[in-house]
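Asker: following is a predicted model, sequence given first.
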Amino acid sequence: MNFLLRYGNFLLFLILELFSLFLVSQYNKKQNEIYQSSANLFVGTIYNNFSNIRRYFSIQEIADSLAKENADLKTQLEASKYVATDQKGTVLFPLDTSTIRPDTSQRKDVIQQFDYIAAKVIKNSIMREDNYLTINRGSDQGVKPGMGVISSKGIVGVVKNVTPRFSQVISVLNNRLFSTSAMIKRNRFFGSLKWHSEGEKNTHDPRYMVLEEIPKHGDVIQGDTIISTGFSEIFPGGIQIGTVKSIRIVNGNNFYTLEVELWENLANIEYVYVVNNLMLREFNDLYYEPVKETKKGKKAKTQ
Amino acid sequence: MSNTLILRNLLRSVFLLAIQVLVLKQISLGGAQFNYINIFLYPIFLMFLPISTPAWLMMVIGLFYGYAIDVFYDTIGIHAAACVFSSYIRSFLLGILEPQGGYKDGSSPTRSRMGFPWFLRYASIFMLLHIFFFFFVEVFTPLYIVRILTYTIPSFAISFIFVMIYSFLFDPTE
């Protein structure tokens, strides 16, 4: 009784406050998500269920199967193929992701280079300086760190961490970790694509990225289409990313900086495709073999 | 507490609630970029409750009052949490600011009662704590203390001006 008299008000305060906080976390979407969230991917299951509840089951199934079908169709696109030739005849197809030539799948000299894993975005951020997404596919489905992630309308990011069922993806809206090469479709001048220019104020606008280091002699027109180059082993070439919105030259610089309006709306993206480069090992051998050799050489010396 | 006092406070709560949700909620001072700047006038009701109100009653009133605000703001629980907090803190605040002769029975801590300098201190601390706790719950992550403070300070500044205008306009004498 004495205890109640002394601490009664404080206890009541705690009870009422906890009750209010309970209300806050139950009935407000933002706080509810914070409540349920955690940086690690263990709680991915919760996000998965949370996003599932919001949709009708039938729509969900149809959308899933469509996404899978899209992944299969993308696999058939020419940009996903590697065209093998013998020493005499050179077979070169122009990059064109919008047409499917059914005969290529029958040909012996065409080898699959990319295939795609359809995935759903279950967690996304666009407001921070360095943004990440979480998708509901992981190592069980063959996702590995370093794989590219694209969508039907552009590039989305690069896989960073993988658990058996989920993957964390570095978003293209990640200033610290993301940059890739992209080019102007019309004349193939290429530059590096990232969210913001160095030293520029972060506007946190998920609709735009900048394409830097386009040489001054390359002619650029407002409205030019920007596509991926395929220079890296992460993304296939020819993925359409966006259009040029404005062109400027940073003072004292010899390059254009283009503001690119993205076609993909990263604020509400739902289905993505993880790019699996089937020839990745060959690329690694090509690029990283010398490093291994020097290491071996060093070891040999120490022994 | 006499019946007129209850009636006065009841009317004040309804009036402030109406002003808050019908007028102040519609004003977006910061535009789209600073849309977190809110004008808080409704805590005046809690601030002006009679000094002799027991703390438990304060908190229960605060909960319901805050909940009523929340219903209009679509922020179930956030204003309620802030109101419960400031109601609880108020008894300590009054204890700290207690003048030499003590408080008179049945009086409210209003400007005309307590004098302008006293009221200035009381209102500023009360409003600051209330608004801080509001954004504390709104952001919901104590780690973002810098963001909480950047939300709090502009809102506090503008709200405090409104509180002062209110105290001069209506000048409750009870």
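Answerer: Looks like it came in fine. Source: prediction; values computed, not measured.

Asker: which non-adjacent residue is nearest A:V244?
Answerer: Spatial nearest neighbour of A:V244, excluding adjacent residues (Cβ to Cβ, 6 or more residues apart in numbering or on different chains): A:D224 at 4.4 Å. For every residue, glycine as well, the C-beta is placed using N, CA and C.

Asker: contacts only, for the one you found.
Answerer: Neighbour list for A:D224: A:I184, A:K185, A:R186, A:T243, A:V244 [criterion: Cβ atoms under 8 Å, 6 or more residues apart in numbering or on different chains].

Asker: how does it look with 7 Å?
Answerer: Shown in contact with A:D224 (Cβ atoms under 7 Å, 6 or more residues apart in numbering or on different chains): A:I184, A:R186, A:T243, A:V244.

Asker: neighbours of the closest residue in space to A:L262 that isn't next to it in sequence, how many?
Answerer: In space, and not counting its chain neighbours, A:L262 is closest to A:G242: 4.3 Å by Cβ to Cβ, 6+ apart. A:G242 has 25 neighbours, counted by other Cβ atoms under 10 Å in any protein chain shown.

Asker: pretty sure A:G242 is in a helix, no?
Answerer: No. The assignment for A:G242 (DSSP: H, G, I helix; E, B strand; the rest coil) gives strand, which keeps it out of a helix.

Asker: that one touches A:L266, doesn't it?
Answerer: No. Taking contacts as Cβ atoms under 7 Å, A:G242 lies outside contact range of A:L266: 11.1 Å.

Asker: for residue 147, give me its contacts.
Answerer: With no chain named, the answer covers chain A. A:M147 neighbours (Cβ under 7 Å, 6+ apart): A:V159, A:V274, A:V275, A:N276.

Asker: the intended chain is chain B.
Answerer: B:V139.

Asker: same thing with the one 4 residues further on?
Answerer: Applying Cβ under 7 Å, 6+ apart, one finds that B:Y151 lies in contact with B:Y36, B:F135.

Asker: now with 10 Å?
Answerer: B:Y151 sits next to B:F34, B:Y36, B:I37, B:N38, B:I131, B:F132, B:F134, B:F135, B:F136, B:E138, B:V139, B:Y144 when contact means Cβ atoms under 10 Å, 6 or more residues apart in numbering or on different chains.

Asker: now the first one: closest residue in space that isn't a chain neighbour?
Answerer: When you say that, I think you mean B:F34. Residue nearest to B:F34 in three dimensions, not counting chain neighbours: B:P154, with 7.2 Å by Cβ to Cβ, 6+ apart.

Asker: close to chain A: what parts of chain B are there?
Answerer: Counting by Cβ under 10 Å from any Cβ of the partner chain, chain B comes close to chain A at B:54-56, B:58-60, B:62-63, B:66-67, B:70, B:74-85, B:87-89, B:91, B:133, B:137-141.

Asker: in chain B, where's the longest helix?
Answerer: helix B:145-170 (DSSP state H).

Asker: tell me the gap between that helix and the middle of its chain.
Answerer: With Cα atoms, centre = their mean, to the nearest Å as the basis, helix B:145-170 stands 10 Å off its chain's centre.

Asker: average pLDDT across it?
Answerer: For helix B:145-170, mean pLDDT rounds to 90.

Asker: in that helix, what counts as buried?
Answerer: B:148, B:151-152, B:154-156, B:158-160, B:162-164, B:166-167 (16 or more other Cβ atoms under 10 Å in any protein chain shown).

Asker: residue ranges for the strands of chain A, please.
Answerer: Using DSSP state E, the strands of chain A run over A:81-83, A:110-112, A:114-124, A:130-135, A:148-151, A:154-162, A:167-174, A:180-184, A:190-194, A:208-215, A:225-228, A:240-249, A:255-262, A:271-277.
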